[in-house]
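Participant: have a look; sequence and predicted model below, questions after that.
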Amino acid sequence: MAVATIKITTSPEGARLYEDQSFLGTTPMSIPVEAEGVKKYTYRLVKDGHEELVVTIPVSQNDKDSEVEREFELKKRVKRKRTVSK
């Protein structure tokens, strides 16, 4: 089986990384994946105070024995002010 590594970094770092519902760890993180044919790997990035981000990273046999690096900027969650009507 051909293997590649997906390296995910975030700004800010320390985002929780999930594949489906499985917690994989926190960023920065390297994940070994199959690199046969073309496959798409989908991950969810979660960090307190920031918007959740779902990313899909394609990997092909051309990535075999290499590192596929992706960096993602996590946007701060905007706090909405509550208005009270009288």
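Facilitator: Cool, got the structure. This structure is a prediction, so every number in the text was calculated from the model and none was measured. Numbers count the residues shown, from 1 in each chain.

Participant: and the helices in the protein?
Facilitator: In the chain, no segments count as helices under DSSP state H.

Participant: residues contacting Tyr43?
Facilitator: Ile8, Leu17, Tyr18, Glu19, Leu24, Val54, Val55, Thr56, Ile57 (CB atoms under 8 Å, 6 or more residues apart in numbering). Any C-beta I mention is one placed from the backbone N, CA and C, and that applies to glycine too.

Participant: would you list every one of the strands in this protein?
Facilitator: Along the chain, the segments classed as strands by DSSP state E run 3-11, 16-19, 22-26, 29-34, 38-46, 53-60, 67-73.

Participant: can you redo those as TSV with distance to Thr83 and mean pLDDT?
Facilitator: Below are the strands of the chain laid out as TSV (distance: least, CB to CB, whole Å; pLDDT from 0 to 100):
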stretch	distance to Thr83	mean pLDDT
strand 3-11	33	97
strand 16-19	33	98
strand 22-26	37	98
strand 29-34	41	95
strand 38-46	29	96
strand 53-60	29	96
strand 67-73	31	96
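
Participant: got a list of contacts for stretch 10-27?
Facilitator: 8-9, 28-29, 31, 41-47, 50, 53, 71-74.

Participant: beta partners for Ile6?
Facilitator: Legend: beta-bridge partners of Ile6 under DSSP bridges are Ile31, Val68.

Participant: burial check on it, number of neighbours?
Facilitator: 19 (other CB atoms under 10 Å).

Participant: relative to Arg16, how far out is it?
Facilitator: According to CB to CB, to the nearest Å, Ile6 stands 16 Å off from Arg16.

Participant: quick one on the thing from earlier: make a PyMOL selection of the buried ones in the contacts of stretch 10-27.
Facilitator: Entered in PyMOL, the line below selects the buried ones among these, by 16 or more other CB atoms under 10 Å:
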select buried, resi 8+29+31+41+43+44+45+46+47+50+53+74
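
Participant: in this structure Lys40 contacts Val68, no?
Facilitator: No: under the criterion of CB atoms under 8 Å, Lys40 makes no contact with Val68, lying 11.7 Å away.

Participant: these two: which is more packed in?
Facilitator: The neighbour comparison of Lys40 against Val68 (other CB under 10 Å) goes to Val68, with 19 against 9.
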